[in-house]
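Using only what follows, build the 3D model:
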Amino acid sequence: MAEYVSVGDAGEVPEGGARPFEVGGQPIAVARVGGALYAFSDVCTHRGCLLAAGGELEGTAISCECHGSMFSMETGEALEGPAIEPIATFPVREADGRIEVEV
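Numbering: from 1, shown residues only. Alright, predicted model coming up:
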């Protein structure tokens, strides 16, 4: 059964930024855009590059710095190639000043 896991303080993910975390042994990124939080797999499905480390946010999408693939942080859909497989997304919330991701 899935449960929410605290990953860090709410201030660790600033508006317009993304930060990597490890949740349950898997690399997950959390981004904040327009006050909303998004949690998603931090690994590009094209060549395995990490997204939060050098990717750029464009609205609710994140691009991979390695080869330019772009993913929706809302749905995980690959919006631009070369990646064609989606990334996983996770429910995320802010509670009592902490960021929590459901895994």
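
ok, Val13 - contacts?
Contacts for Val13 (C-beta atoms under 8 Å, 6 or more residues apart in numbering) come out as 19, 30-32, 37, 99. Every C-beta, even on glycine, is put in place using the N, C-alpha and C of the backbone.

cutoff 6 Å now
Under the criterion of C-beta atoms under 6 Å, 6 or more residues apart in numbering, the neighbours of Val13 are 19, 30, 32.

what's the weakest-modelled helix or strand in the protein?
With mean pLDDT, DSSP states H and E as the measure, the helix or strand of the chain carrying the lowest mean pLDDT is helix 51-54 (a mean of 92).

Buried residues, that one. List them.
Residues of helix 51-54 classed as buried by neighbour count (16 or more other C-beta atoms under 10 Å): 51-52.

what does stretch 13-27 give?
Buried residues in stretch 13-27, defined by neighbour count with 16+ other C-beta under 10 Å: 13, 18-19, 21, 23.

from the chain's centre, how far out does that stretch sit?
6 Å (C-alpha atoms, centre = their mean, to the nearest Å).

In terms of secondary structure, what does the least confident helix or strand of the chain contact?
Other helices and strands packing on helix 51-54, by 3 or more C-beta pairs under 6 Å, 6 or more residues apart in numbering; DSSP states H and E, are strand 17-23.

Recalculate using a threshold of 10 Å.
With contacts taken as 3 or more C-beta pairs under 10 Å, 6 or more residues apart in numbering; DSSP states H and E, helix 51-54 sits against strand 17-23, strand 26-33, strand 36-41, strand 61-63.
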